[in-house]
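K.L.:
Got a sequence here, can you build the structure:
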Amino acid sequence: MIAAMSCCFAQCSSAPIASSPPAGDVVVYTNAFNDPAGTTYPDWSVASYSWTGNTAGTVAAGAAVETIANVDSPNASQRFLGELGGPIILNGPPYDREHFVRVDESINLSLDRLPPHTSMTLGFDLYILKSWDGDSPTYGPDRWKVGLAGGPTLLDATFSNNFKTATDLSFQSYPSPGSAPQTGAVAANTLGYGFWFGDATYRLSFTFPHSLSSATVVFSSSLYEGKSEQVRQTRDESWGLDNVRVTVR
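P.N.:
The predicted structure is shown next:
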């Protein structure tokens with residue numbers, strides 16, 4: 001999946017052609033994660049997660065890792081990399097701010113042997129799944145972030161599928177502060193998570209200066225509550241990635 005430079009450049013000309021950036025976009029990574037469910041990908045790291053202790057003192061802080069594979073959405077309409085966001089830490093009620101914990105999780109995409117270039121474009125679909133609460137002071141904030149290790153940060157924003165904005169103040173900061181839940185999504189409630197607040201699909205793309213021969217893209221979340229949803233006992237809030245594509249120019 002990594003584009004290789006042709007060795008004939010050095011042989012065919014005495015000019016330093018190989019050190020010049022390509023004339024057009026070169027695809028250096030692409031993945032729709034449509035392999036058999038349960039496939040893992042060597043370009044992606046294990047996911048690292050940590051959690052805080054809660055105020056009630058029933059959960060102590062900790063950290064661990066987990067291997068992330070591709071999975072099917074509940075309605076089998078999409079196969080994607082996920083679910084991320086951290087596993088269940090708070091295993092039973094009561095579910096309130098005294099008992100909630102914050103769970104942070106990140107996963108990295110490593111890109112090596114990049115051809116000469118001056119800019120990079122990263123595009124992907126972000127699936128925001130289940131009960132994200134945006135900027136809610138009671139159940140949030142629920143934040144998602146993407147950037148390169150060592151910078152730059154490409155996006156750092158809150159997202160929400162919780163439409164109880166009058167009581168929970170669950171607005172999101174994407175694409176601008178105070179936005180309604182699911183604002184900017186290209187699709188809503190199409191993946192089958194309607195049993196627990198639904199889902200939203202965001203099609204994101206970022207172009208930024210880059211000229212190094214390698215890059216590490218870090219995708220991460222910081223989610224509050226740390227409990228299971230009550231219907232299927234899966235992660236209360238999670239996310240996934242699909243249709244990841246990286247080009248250089």
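
K.L.:
residues contacting residue 59?
P.N.:
For residue 59, the contacting residues are 51, 53, 89-90, 99, 101, 226, by C-beta atoms under 8 Å, 6 or more residues apart in numbering. Every residue, glycine included, has its C-beta placed from N, CA and C.

K.L.:
Let me see the backbone angles for it.
P.N.:
For residue 59, the backbone dihedrals are phi -130, psi 130 (criterion: degrees, to the nearest 10).

K.L.:
Who is residue 123 paired with across the strands?
P.N.:
Beta-bridge partners of residue 123, counted by DSSP bridges, are residue 205, residue 245.

K.L.:
oh sorry, the question was meant for residue 119
P.N.:
residue 209.

K.L.:
One more: residue 31?
P.N.:
Note on residue 31: beta-bridge partners residue 244, judged by DSSP bridges.

K.L.:
contacting residues for it?
P.N.:
Residue 31 sits next to 1, 41, 43, 81, 243-245 when contact means C-beta under 8 Å, 6+ apart.

K.L.:
For residue 82, see how far away it is.
P.N.:
Distance, residue 31 to residue 82, using C-beta to C-beta, to the nearest Å: 13 Å.

K.L.:
State the mean pLDDT of stretch 174-182.
P.N.:
Mean pLDDT, stretch 174-182: 98.

K.L.:
Stretch 58-70 now?
P.N.:
98.

K.L.:
and the residue positioned nearest the centre of the chain, which of the three is it?
P.N.:
Of all residues in the chain, the one closest to the mean position by C-alpha atoms, centre = their mean is residue 219, 4.6 Å from it. With DSSP: H, G, I helix; E, B strand; the rest coil as the basis, residue 219 sits in strand.

K.L.:
from memory it sits against residue 146, does it?
P.N.:
Yes: with contact defined as C-beta atoms under 8 Å, residue 219 reaches residue 146; the gap is 5.1 Å.

K.L.:
how about the helix or strand hosting residue 128: buried residues?
P.N.:
Following DSSP states H and E, one finds residue 128 within strand 119-130. Neighbour-count burial for strand 119-130 flags 120-122, 124-130 (criterion: 16 or more other C-beta atoms under 10 Å).

K.L.:
Looks to me like residue 39 is in a helix.
P.N.:
No: assessed with three-state DSSP, residue 39 is coil; it does not lie in a helix.

K.L.:
burial count for residue 178?
P.N.:
12 (other C-beta atoms under 10 Å).

K.L.:
And the closest residue to residue 67 other than its chain neighbours, how far from residue 235?
P.N.:
Spatial nearest neighbour of residue 67, excluding adjacent residues (C-beta to C-beta, 6 or more residues apart in numbering): residue 46 at 5.3 Å. Distance from residue 46 to residue 235, counting by C-beta to C-beta: 17 Å.

K.L.:
between the two, who's got more neighbours?
P.N.:
residue 235 (26 against 13).
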